[in-house]
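Asker: Below are the sequence and a predicted model; questions follow.
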Amino acid sequence: MKIAYFDCFSGISGDMVLGAFLNLGLDIKSLKKQLKKLPVAGYTITARHEKRHFITGTSVRIKSTKKSPERTFKDIKKLINISELSKRVKEISIAIFKTLAVAEAKVHGCKLEDVHFHEIGAIDSIVDIVGTSIGLEELAIEGVFASPLPAGSGWIKTSHGVMPVPAPATMELLKGMPVISTPVQNELTTPTGAAILKTLSRGFGTLPDMVIEATGYGVGRIDFRELPNLLRVVIGKSDKPAQQLIILETNIDDMNPQIYDYLIDNLLKNGALDAFLTPILMKKGRPAILLKVLCSNKYKKKLTDIVFKETTTLGIRSYKVDRDCLERKEDVVSIHKGKIRVKISEKDGRPINIQPEYEDCRRIAKNIDMPLKEVMEKAKEAYRLKKKQQ
């Protein structure tokens with residue numbers, strides 16, 4: 001599994017992430033081409049090599065050529081959804097913006113959809129976040145881990161006036177993430193940088209077990225005297241379980257079964273990797289349901305709160321589990337002039353499972369009046385043939 005470790009010894013911002021990705025090999029022409037799929041204009045992107053304390057990295061500058069309109073979370077979601085960006089890039093970008101919106105809504109006391117982004121809604125932040133999502137896809141990064149974050153100190157000017165560092169939205173975002181102090185009196189972790197890691201990171205700590213393949217440095221705008229203002233991103237392969245997960249479970253014997261469908265859907269939308277029900281027998285032969293929820297540690301509290309709120313349970317058990325995963329990727333094949341997405345699970349570079357996308361196969365089966373199972377088999381054969389010809 002290909003993973004990236006964000007070593008934030010001098011903090012993190014959106015442009016530092018883009019700089020580190022370009023330093024790792026992300027092609028700037030490809031990045032610009034992908035960003036053109038977003039219905040946003042009026043900006044330029046430049047990248048160049050710069051040094052901080054004799055370490056060379058890539059500096060990215062995004063310059064607006066016209067005034068950006070003030071956008072709500074709803075506006076930004078629409079911009080991303082109507083674009084021609086890939087499904088994964090859209091999902092990651094919207095997830096990061098949602099993380100930001102939740103923090104802003106909490107700070108300003110408003111509804112999620114009504115959050116107005118100011119600095120964050122500006123064109124450079126949109127490009128930073130969507131560009132980060134594009135970089136993850138282009139560099140084939142499947143998992144993200146990070147070091148503790150230096151929040152910084154001092155004061156910063158914002159559209160709401162002078163604010164202490166960390167700014168209120170950043171402080172809200174940093175909840176649940178480890179932070180460290182530094183001698184620098186400046187903003188080190190920006191709201192965009194914090195949101196990126198809060199959304200993407202599977203864990204915080206020291207460098208995870210991995211075979212290192214490449215290291216990239218993203219350059220920060222200010223050249224600090226105390227330390228090099230750089231974000232270091234390390235990419236490598238990990239043969240160990242991608243993450244330690246948590247199982248939440250509880251026995252329920254006194255709840256209306258109609259609620260379970262709503263409950264499972266709610267859990268999956270709020271960070272659960274899986275949620276399922278198993279019929280069990282309790283004492284005195286009473287039938288009951290065992291609810292199990294699989295999640296990462298950062299969603300444990302949120303999902304526990306949902307289970308307490310939505311069910312009749314009085315207690316929830318939790319314990320850690322390790323999960324071994326096959327490497328996963330997607331491809332597209334063509335049969336009968338129709339395109340079918342194919343999900344491939346691999347081990348050591350060899351396909352173990354080939355699973356055509358059901359909805360694509362269903363559509364083609366209806367169009368050409370062919371049994372669905374035959375369409376699915378033809379899609380698998382088309383992928384095997386494509387693989388042989390490569």
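Answerer: Alright, I've got the coordinates.

Asker: quick one, what contacts the closest residue in space to Gly152 that isn't next to it in sequence?
Answerer: Leaving aside its chain neighbours, Gly152 sits nearest to Leu188 (3.7 Å; criterion: C-beta to C-beta, 6 or more residues apart in numbering). For glycine as for every other residue, the C-beta is placed from the backbone atoms N, C-alpha and C. Leu188 makes contacts with 10-12, 149-152, 182, as judged by C-beta atoms under 8 Å, 6 or more residues apart in numbering.

Asker: One more: Leu85?
Answerer: Applying C-beta under 8 Å, 6+ apart to Leu85 gives the contacts 34, 37-38, 93, 130, 133-134.

Asker: Quick check: it vs Thr58, distance?
Answerer: As for Leu85, its distance to Thr58 is 23 Å (criterion: C-beta to C-beta, to the nearest Å).

Asker: Do a quick rundown of the strands in the stretch 51-200 of the chain.
Answerer: In the stretch 51-200 of the chain, the segments counted as strands under DSSP state E, counting those that start in this stretch are 55-64, 71-72, 116-117, 143-146, 149-150, 155-158, 161-164, 179-180.

Asker: how about the ones you listed in CSV, adding mean pLDDT?
Answerer: What follows is the strands of the stretch 51-200 of the chain, written out as CSV (pLDDT from 0 to 100):
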stretch, mean pLDDT
strand 55-64, 94
strand 71-72, 84
strand 116-117, 68
strand 143-146, 93
strand 149-150, 94
strand 155-158, 72
strand 161-164, 76
strand 179-180, 92
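
Asker: Nearest to Leu326 among those strands would be which one?
Answerer: Of all these, strand 143-146 sits nearest to Leu326, with 13.4 Å by C-beta to C-beta.

Asker: Who are the packing partners of the closest one?
Answerer: For strand 143-146, the packing partners by 3 or more C-beta pairs under 8 Å, 6 or more residues apart in numbering; DSSP states H and E come out as strand 2-7, helix 191-200, strand 201-204.

Asker: Quick one: name whatever helix or strand follows the last one.
Answerer: Counting by DSSP states H and E, the next helix or strand C-terminal to strand 201-204 is strand 211-219.

Asker: what's near enough to touch Thr189?
Answerer: By C-beta under 8 Å, 6+ apart, Thr189 lies in contact with 8, 11-13, 149-152, 166, 170, 174.

Asker: Helices along the protein, start to end?
Answerer: Ranges of helices in the chain, per DSSP state H, are 14-23, 28-35, 73-81, 87-108, 123-138, 168-173, 191-200, 259-269, 300-310, 358-368, 372-389.

Asker: so can I have JSON lines of these showing mean neighbour count and distance to Lys337?
Answerer: Listed next are the helices of the chain as JSON lines, based on neighbours: other C-beta atoms under 10 Å; distance: least, C-beta to C-beta, whole Å:
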{"stretch": "helix 14-23", "mean neighbour count": "28", "distance to Lys337": "36"}
{"stretch": "helix 28-35", "mean neighbour count": "15", "distance to Lys337": "27"}
{"stretch": "helix 73-81", "mean neighbour count": "18", "distance to Lys337": "27"}
{"stretch": "helix 87-108", "mean neighbour count": "20", "distance to Lys337": "22"}
{"stretch": "helix 123-138", "mean neighbour count": "24", "distance to Lys337": "27"}
{"stretch": "helix 168-173", "mean neighbour count": "23", "distance to Lys337": "47"}
{"stretch": "helix 191-200", "mean neighbour count": "26", "distance to Lys337": "38"}
{"stretch": "helix 259-269", "mean neighbour count": "15", "distance to Lys337": "35"}
{"stretch": "helix 300-310", "mean neighbour count": "16", "distance to Lys337": "44"}
{"stretch": "helix 358-368", "mean neighbour count": "15", "distance to Lys337": "9"}
{"stretch": "helix 372-389", "mean neighbour count": "15", "distance to Lys337": "12"}
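
Asker: Out of those helices, which is closest to Thr250?
Answerer: helix 300-310 (6.5 Å).

Asker: what about that closest one, distance to the chain center?
Answerer: Its chain's C-alpha centre and that of helix 300-310 lie 22 Å apart, by C-alpha atoms, centre = their mean, to the nearest Å.

Asker: which residues touch it?
Answerer: By C-beta under 8 Å, 6+ apart, the residues outside helix 300-310 that reach it are 176, 246, 248, 250, 259, 262-263, 266-267, 270-272, 291, 293, 295, 313, 316, 318.

Asker: make it 6 Å
Answerer: 246, 263, 266-267, 270, 272, 293, 295, 316 (C-beta atoms under 6 Å, 6 or more residues apart in numbering).

Asker: of the strands of the stretch 51-200 of the chain, which approaches Gly203 most closely?
Answerer: Using C-beta to C-beta, the nearest of these to Gly203 is strand 143-146, at 5.2 Å.

Asker: Partner strands of that closest one, with direction?
Answerer: With DSSP bridges as the test, strand 143-146 is paired with strand 2-7 (parallel), strand 201-204 (parallel).

Asker: so what's Gly193 scoring on pLDDT?
Answerer: Note on Gly193: pLDDT of 95.

Asker: residues touching it, list them.
Answerer: When contacts are counted by C-beta under 6 Å, 6+ apart, Gly193 touches 12-13.

Asker: at 10 Å instead, please
Answerer: Shown in contact with Gly193 (C-beta atoms under 10 Å, 6 or more residues apart in numbering): 6, 8, 11-17, 128, 132, 149, 170, 173, 187, 231.

Asker: for Tyr319, same thing?
Answerer: By C-beta under 10 Å, 6+ apart, the residues touching Tyr319 are 246-249.

Asker: again with Thr65
Answerer: Here Thr65 is in contact with 41-44, 123 (C-beta under 10 Å, 6+ apart).

Asker: Quick check: the gap between Ile354 and Lys387.
Answerer: Plainly put, Ile354 is 9 Å away from Lys387 if you go by C-beta to C-beta.

Asker: And Pro166, by the same measure?
Answerer: Per C-beta to C-beta, Pro166 is found 49 Å from Lys387.

Asker: sorry, back to before: between the contacts of Gly193, which is closest to Glu381?
Answerer: Of these, the one sitting nearest to Glu381 (C-beta to C-beta) turns out to be Thr132, at 37.0 Å.

Asker: about what we covered before: let me have the contacts of Thr189 in a markdown table, extended by distance to Ile280.
Answerer: Formatted as a markdown table, these follow (distance: C-beta to C-beta, whole Å):
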| residue | distance to Ile280 |
| --- | --- |
| Cys8 | 45 |
| Gly11 | 49 |
| Ile12 | 45 |
| Ser13 | 50 |
| Leu149 | 42 |
| Pro150 | 48 |
| Ala151 | 46 |
| Gly152 | 51 |
| Pro166 | 46 |
| Thr170 | 45 |
| Leu174 | 40 |
